[in-house]
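Asker: Dropping a prediction and its sequence here:
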Amino acid sequence: MQQKELQEFIYFMTHNKSLTRAQQRKRDALLAETVVGGQISMSEDSPTDDSPAPFKALSPLDTAHFFALFNNPMGLKYLTHNFDAEDDGRPRTIEALYNQAKEILQKKEYSIPSSLWLLVNNYVEGKREWIDTFEHPHDSCINNPSWINWSVKNQLHPIINPEYEKEIMAFRSTVRLVAPALADICDRAKKGLAINVTEEKLDKADFYTNTYILYVVIRRILTMMNRRADNSPNVIIAYKRRTDSQGRMLRQIIISQKGSFANKAIDDLRYRLANSPEAGDFGSIRKSLNGYCIWQVESLWDGKPFRWNILRTDDMPETEAICESDVTGFTHILTFYIV
């Protein structure tokens, strides 16, 4: 039997689905080494095709500064607003708007999520479709020849054209959460689920984020909670405003399943997330939210109250003990910066 065939045979005979692919390959190599007297070896540090890429956390504060450009006339404001009359170098034509937006995106001054960069770039350039909050694809863009021709001919922003305005507002609602968007997102996210969802102050939500990504994450969280609907059917989604210790404005979306608590030790979940960065619900949510917000999870873990700061700032610990009286259920806290 050839060396490769022997390894594949042992792999087939001893496959254990509870191990990661890298752990399985290491085990198989060690078994094969024992059987054939050291013909096959695999160092613990040897890279494999299935080795997970290390997780790189992005700064939600950096992303907030990028979103602030949508309020800046010298930034990205006119991607979603009509031109102002001031003559201080700010764009007043669609060509100037396109060039300014393109320059900002090419500089890549801010370390933002790739999903956000692609969304804005596709809306500016039009080389690929972009997806709005409601999962509808669009091929409209600032660089659209028909938009340019109409705008140049009429000396107006394309938002004045009712046909183009619909597309512009669809993009605007995909980068800015305004009432009743958060309630609409939550209503869609809970559709078809057995849990009872109560909403608190969702009509107050108004801040910039990628609303499509937010919908995807809320839907995934509620789907996870739905697995415990028989024992813990009640879920609360609340919106809160607060400031941090440095006076920066924060916006929070808090999703809590009352009376539901973790059935695994926190260290077990931390280990899994560290060794399989994209595995399972937590891996998927972390990847989606990376760079958009701080993500914390509160629960009783083996009967002990902890807050797990999964996406966090540099000065935050990964886990911290909290008061048991504050833990009323399994809770996800999404915290967004406003600058």
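Answerer: Okay, I see it. Not measured: the values here are computed from a predicted model. Numbering: from 1, shown residues only.

Asker: neighbours around L118, how many?
Answerer: Neighbourhood size, L118 [other CB atoms under 10 Å]: 13. (C-beta placed from N, C-alpha, C; glycine too.)

Asker: secondary structure class for it?
Answerer: Under the three-state scheme (DSSP: H, G, I helix; E, B strand; the rest coil), L118 adopts helix.

Asker: How confident was the prediction at it?
Answerer: At L118, the model reports a pLDDT of 97.

Asker: Show the contacting residues for it.
Answerer: When contacts are counted by CB atoms under 8 Å, 6 or more residues apart in numbering, L118 touches 128, 130.

Asker: Next, find the distance separating it from L97.
Answerer: 19 Å (CB to CB, to the nearest Å).

Asker: Repeat that for T209.
Answerer: Relative to L97, and taking CB to CB, T209 is found at 23 Å.

Asker: May I ask which helix or strand encompasses N309?
Answerer: Assigned by DSSP states H and E, N309 falls within strand 304-311.

Asker: what's in contact with that strand?
Answerer: So strand 304-311 is contacted by 57, 60, 266, 269-270, 273, 282, 286, 289-290, 293-301, 316-324, 326-327 (CB under 8 Å, 6+ apart).

Asker: So in that sheet, which strands flank it, and in what orientation?
Answerer: Paired strands of strand 304-311, with direction, are strand 294-301 (antiparallel), strand 319-321 (antiparallel) (DSSP bridges).

Asker: Buried residues of it, list them for me.
Answerer: Buried residues in strand 304-311, defined by neighbour count with 16 or more other CB atoms under 10 Å: 305-311.

Asker: looking at the strands paired with strand 304-311, which is buried most?
Answerer: strand 294-301 (a mean of 21; mean count of other CB atoms under 10 Å).

Asker: which residues touch that one?
Answerer: Strand 294-301 is contacted from outside by 60, 261-262, 264-266, 285-286, 289, 305-313, 316, 322, 324, 326-327, 329-335, using CB under 8 Å, 6+ apart.

Asker: wait, what's in contact with D84?
Answerer: 73, 90, 92.

Asker: Relative to K102, which of those residues is nearest.
Answerer: Of all the contacts of D84, K102 sits closest to R90, with 15.7 Å by CB to CB.

Asker: burial of the closest one, as a residue count?
Answerer: 18.

Asker: Please apply the same query to D268.
Answerer: Counted with other CB under 10 Å, D268 comes out at 12.

Asker: re earlier: any idea how far the strand holding N309 is from the middle of the chain?
Answerer: 19 Å (CA atoms, centre = their mean, to the nearest Å).

Asker: before we move on, what about stretch 220-237?
Answerer: From the chain centre to the centre of stretch 220-237 is a distance of 20 Å (CA atoms, centre = their mean).

Asker: quick one: buried residues of that stretch?
Answerer: For stretch 220-237, burial by neighbour count (16+ other CB under 10 Å) applies to 220-222, 224-226, 228-229, 232-237.

Asker: now stretch 119-136
Answerer: Buried residues in stretch 119-136, counted by 16+ other CB under 10 Å: 119-124, 126, 130-133.

Asker: Among those residues, which lie within strands?
Answerer: 130-131 (DSSP state E).

Asker: buried set for the host helix or strand of A101?
Answerer: Per DSSP H and E: A101 is located in helix 94-107. If you call a residue buried by 16+ other CB under 10 Å, then helix 94-107 has these buried ones: 94, 97-98, 100-101, 104-105.

Asker: And the pLDDT for the nearest residue to N71 once chain neighbours are set aside?
Answerer: Once flanking residues are discounted, N71 sits nearest to K77: 6.1 Å by CB to CB, 6 or more residues apart in numbering. In this prediction, K77 carries a pLDDT score of 97.

Asker: Can you tell me the element G283 falls in?
Answerer: In this structure, G283 sits in helix 280-289 according to DSSP H and E.

Asker: what's the angle from that helix to strand 304-311?
Answerer: Using axes from the mean of the first three to the mean of the last three CA atoms, to 10 degrees, the inter-axis angle of helix 280-289 relative to strand 304-311 is 40 degrees.

Asker: Alpha carbons of helix 280-289, as PDB, please.
Answerer: Extracted C-alpha coordinates of helix 280-289, given in PDB (Å, rounded to 0.1, in the frame of the first residue of the first chain):
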ATOM      1  CA  GLY A 280     -21.100  27.700  13.800                       C
ATOM      2  CA  ASP A 281     -23.500  30.500  14.600                       C
ATOM      3  CA  PHE A 282     -21.000  32.400  16.700                       C
ATOM      4  CA  GLY A 283     -18.300  32.300  14.000                       C
ATOM      5  CA  SER A 284     -20.800  33.500  11.400                       C
ATOM      6  CA  ILE A 285     -22.100  36.300  13.500                       C
ATOM      7  CA  ARG A 286     -18.600  37.500  14.500                       C
ATOM      8  CA  LYS A 287     -17.500  37.500  10.900                       C
ATOM      9  CA  SER A 288     -20.600  39.500   9.800                       C
ATOM     10  CA  LEU A 289     -20.300  42.100  12.700                       C
END
